[in-house]
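Asker: take this sequence and fold it.
(chains A and B)
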Amino acid sequence: MKQSLFVYNTLTRKKEEFTPLNAPHVGMYVCGPTVYSDVHLGNCRTYISFDLIFRYLNHLGYKVRYVRNITDAGHLEDDSDTGEDKISKKAKIAKVEPMEIAQKYTVGFREVLGIFNTLPPSIEPTATGHIIEQIELVKEMIANGYAYEVDGSIYFDVEKYNKNFDYGVLSGRNLEDMLNNTRSLGGQEEKHGKLDFALWIKAKPEHLMKWPSPWGVGFPGWHLECSAMSHKYLGDQFDIHGGGLDLVPTHHTNEIAQNEACFNKTPAKYWVHTNMLTVNGQKMSKSLGNSFLPHELFTGHNAILNKGYSPMTVRFFMLQAHYRSTLDFGNEAMEASEKGFKRLMNAFSLLDGLKASATTEAEITPLRERCYEALNDDFNSPVLIAELFEASRIINSVHDGKMAIDAANLQQLKDLMNDFVTEILGLKNEQASTDELPKVVDFIVNLRNEAKTNRDYATSDKIRDGLQKIGIQLKDAKEGTTWTKI
RNA sequence: GGUCAGAUGGCCGAGUGGCUUAGGCACAGGUCUGCAAAACCUGAUACGGCGGUUCGAAUCCGCUUCUGACCUCCA
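Answerer: Below is the predicted model of the structure:
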């Protein structure tokens, strides 16, 4: 019935058939945010993409354990031993407890993702909650000979690791190139090799976030928390490991090295990476200053924006591009998505009022097949959406009495829209109307119809134009007048 | 500089060795309508450049130009 799912694996640079290690269970780990500032729209794109993947795997009947971490410690400013914990740094500036910073941005992160209608992960573990597990991994790496101590800090020996493993498996680079092309950074005198990275960093006395360890008081390096938490909750090996494309060369490369060095096993079978959101062709990032926050997008309060766009419009906009392509943000594109999304939602809302006929001119089964085909081809949401516009066309035609559909196909059509629009794409109608509004509008529409019957078009047009200005659009049809919020 | 991606019609954005076209938005014509809107139907505009492979390439290969990402924190 359903064809098999193919997933693009960064490890092999090919689309591969998805076969879980322990079906029907699927383990998926996605690198979450470092909570030291607000999430911007580019971050959101990644989590919306994985939300689609999570939702589709669930739809297929898999029992998915979706782990997405919160990095609330250990994220270095740079990879030298003078590096400072990002959370800790921000806390000093703001004169608050580090955990206050982490809490603030964790709450903000969840709030924003909720607004985008993403499902919460199964487990959302924090780095600070897994210091012991991280220390255990460091011990293991030292015992296995892949890590060394220098004055209370522990580093990972990349060149030694590369003798037994392939450090560049994921990025496709070889060690020699990396060694030749890495820019030399300051403050690295403690490291044996220029690619070596910190696993545990000795804390200076004034450092705020620190924990005791066998090597003295310190804090964990970035990368380590993901190895510790993915291992704890998903085991030596799990199905999917995901994150933004920019994590491939450093974070995920080091994560794989840590896991291999500890357990002699590659952690994940499929590595899935989402592409960047760009603005005028450039990656949206905090350092470039071209990022903007979700609430700025909703309200339109940002110099790049002509106006605000609703959360579901933004979600729809993102799903209209494939997750592995860069997506360029622009006002024109957003306005196009806004209209397209309304078109889809309008069709969706007509669904319940459709009348079945004895015969049918619409066959829904092949349409459903094509929807599955789209998603099975590496979660191709843009193609799926194209099919859903075909479904919309059918709905509109049936509604206009231009096409007949029988009861069986009508039910299939309803199921199709529910499954793919609501459940899998996670889109919902935002035309939240209060209880009174429909009654009020209906009342006014009746008044207008009286005027129309009396051929008092001046009055009827005045009513229609007035409502239009308020944001309610009337549509006259043979069966009567309908209305939508614009 | 090194490594890796990508260049598709007015815009966004899929796809692909030939089959009938992605799709959305915008545009033009039509149906419907008191007029409009919506909806439906029809239409136009395309695959960066130069070579090569092939019966046939926008799709494969080579070169070239441009853009971006990573190599430093980044989803």
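Asker: could you list the low-confidence segments of chain A?
Answerer: By pLDDT under 70, the low-scoring segments of chain A are A:1-2, A:74-84, A:94, A:181-189, A:431-436.
Asker: by proximity to RNA strand B, which residue of it wins?
Answerer: For chain A, the residue closest to RNA strand B is A:G244, as judged by Cβ to the nearest atom of the strand, at 1.6 Å. For glycine as for every other residue, the C-beta is placed from the backbone atoms N, C-alpha and C.
Asker: contacting residues for that residue?
Answerer: By Cβ atoms under 8 Å, 6 or more residues apart in numbering, the contact list for A:G244 reads A:C31, A:N43, A:T46, A:H273, A:T274, A:M276.
Asker: could I get those as CSV with secondary structure and neighbour count?
Answerer: Below are these laid out as CSV (DSSP: H, G, I helix; E, B strand; the rest coil; neighbours: other Cβ atoms under 10 Å):
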residue, secondary structure, neighbour count
A:C31, coil, 22
A:N43, helix, 22
A:T46, helix, 27
A:H273, strand, 21
A:T274, strand, 26
A:M276, coil, 18
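Asker: now narrow those residues to whatever sits close to RNA strand B.
Answerer: Near RNA strand B, taking Cβ under 7 Å from any atom of the strand as the test, the members of the contacts of A:G244 found are A:C31, A:N43, A:T46, A:T274, A:M276.
Asker: relative to A:T19, which of the residues you listed is nearest.
Answerer: A:T274 (21.9 Å; Cβ to Cβ).
Asker: so in terms of bridging, what pairs with that closest one?
Answerer: A:G244 (DSSP bridges).
Asker: name the helices or strands packed onto the host helix or strand of A:H231?
Answerer: Element membership for A:H231, per DSSP states H and E: helix A:224-234. Under the contact criterion of 3 or more Cβ pairs under 8 Å, 6 or more residues apart in numbering; DSSP states H and E, helix A:224-234 touches strand A:25-30, strand A:63-68, helix A:131-143, helix A:253-263.
Asker: tell me which other helices or strands the longest one touches.
Answerer: Identification of packing neighbours for helix A:131-143 by 3+ Cβ pairs under 8 Å, 6+ apart yields strand A:147-150, strand A:153-156, strand A:197-202, strand A:218-220, helix A:224-234, helix A:253-263.
Asker: got the ones you listed as JSON lines, with distance to RNA strand B and mean neighbour count columns?
Answerer: Conversion of the helices and strands packed on helix A:131-143 to JSON lines gives the following (distance: least, Cβ to the nearest atom of the strand, whole Å; neighbours: other Cβ atoms under 10 Å):
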{"stretch": "strand A:147-150", "distance to RNA strand B": "18", "mean neighbour count": "19"}
{"stretch": "strand A:153-156", "distance to RNA strand B": "13", "mean neighbour count": "24"}
{"stretch": "strand A:197-202", "distance to RNA strand B": "8", "mean neighbour count": "26"}
{"stretch": "strand A:218-220", "distance to RNA strand B": "13", "mean neighbour count": "27"}
{"stretch": "helix A:224-234", "distance to RNA strand B": "10", "mean neighbour count": "24"}
{"stretch": "helix A:253-263", "distance to RNA strand B": "9", "mean neighbour count": "24"}
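Asker: pull the CA atoms of stretch A:308-322 into CSV?
Answerer: Output in CSV follows, covering the C-alpha atoms of stretch A:308-322 (Å, rounded to 0.1, in the frame of the first residue of the first chain):
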residue,chain,number,x,y,z
GLY,A,308,3.3,41.2,9.7
TYR,A,309,2.6,37.6,8.9
SER,A,310,0.7,35.1,11.0
PRO,A,311,2.5,32.1,12.5
MET,A,312,0.7,29.6,10.3
THR,A,313,1.6,31.7,7.2
VAL,A,314,5.2,31.4,8.2
ARG,A,315,5.0,27.7,8.8
PHE,A,316,3.3,27.3,5.5
PHE,A,317,5.9,29.4,3.8
MET,A,318,8.7,27.2,5.2
LEU,A,319,6.9,23.9,4.3
GLN,A,320,6.6,25.2,0.7
ALA,A,321,10.3,24.7,0.3
HIS,A,322,12.1,21.4,0.8
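Asker: what about that stretch, near RNA strand B?
Answerer: Yes - contact of stretch A:308-322 with RNA strand B is found when judged by Cβ under 7 Å from any atom of the strand, involving A:Q320, A:A321, A:H322.
Asker: kindly confirm my reading that the second one is in a strand.
Answerer: Translated: A:A321. No - counting by DSSP: H, G, I helix; E, B strand; the rest coil, A:A321 is not part of a strand but coil.
Asker: next up, phi/psi of it, please.
Answerer: phi -110, psi 150 (degrees, to the nearest 10).
Asker: quick check: closest non-adjacent residue to it.
Answerer: A:L327 (4.2 Å; Cβ to Cβ, 6 or more residues apart in numbering).
Asker: how many other residues sit next to that neighbour?
Answerer: 20 (other Cβ atoms under 10 Å).
Asker: let me see the contact set for it.
Answerer: By Cβ under 8 Å, 6+ apart, the neighbours of A:L327 are A:R45, A:N275, A:M276, A:L277, A:T278, A:F317, A:M318, A:A321.
Asker: could you rerun that using 7 Å?
Answerer: A:R45, A:L277, A:T278, A:M318, A:A321 (Cβ atoms under 7 Å, 6 or more residues apart in numbering).
Asker: same question, A:K283
Answerer: Per Cβ under 7 Å, 6+ apart, neighbours of A:K283: A:M276.
Asker: now do the phi/psi pair for it.
Answerer: Residue torsions, per degrees, to the nearest 10, at A:K283 are phi -50, psi 130.
Asker: show me which positions of stretch A:418-435 end up buried.
Answerer: A:F420, A:V421, A:I424, A:L425, A:G426, A:L427, A:N429 (16 or more other Cβ atoms under 10 Å).
Asker: quick check: the fifth one touching A:D51?
Answerer: In this case it means A:G426. Yes - between A:G426 and A:D51 there is a contact under Cβ atoms under 7 Å: 6.1 Å.
Asker: find the residues that touch each one of those two.
Answerer: A:T118.
Asker: how about the buried residues of stretch A:418-435, which pair is most distant?
Answerer: It's A:I424 and A:N429 that sit farthest apart of the buried residues of stretch A:418-435, by Cβ to Cβ, at 15.8 Å.
Asker: right, and A:Y29 touches A:L234 too?
Answerer: Yes - counting by Cβ under 7 Å, A:Y29 touches A:L234, with 5.9 Å between them.
Asker: joint contacts of those two?
Answerer: Common contacts of A:Y29 and A:L234 (Cβ under 7 Å, 6+ apart): A:V67.
Asker: how many residues are close by the residue lying closest to A:I123 once chain neighbours are set aside?
Answerer: Spatially, and ignoring its direct neighbours in sequence, A:I123 is nearest to A:V67 (4.7 Å; Cβ to Cβ, 6+ apart). Neighbour count for A:V67, taken as other Cβ under 10 Å: 23.
Asker: which ones are touching A:V67?
Answerer: A:Y29, A:P121, A:S122, A:I123, A:P125, A:M229, A:S230, A:Y233, A:L234.
Asker: show me the beta-bridge partners of it.
Answerer: A:Y29, A:I123.
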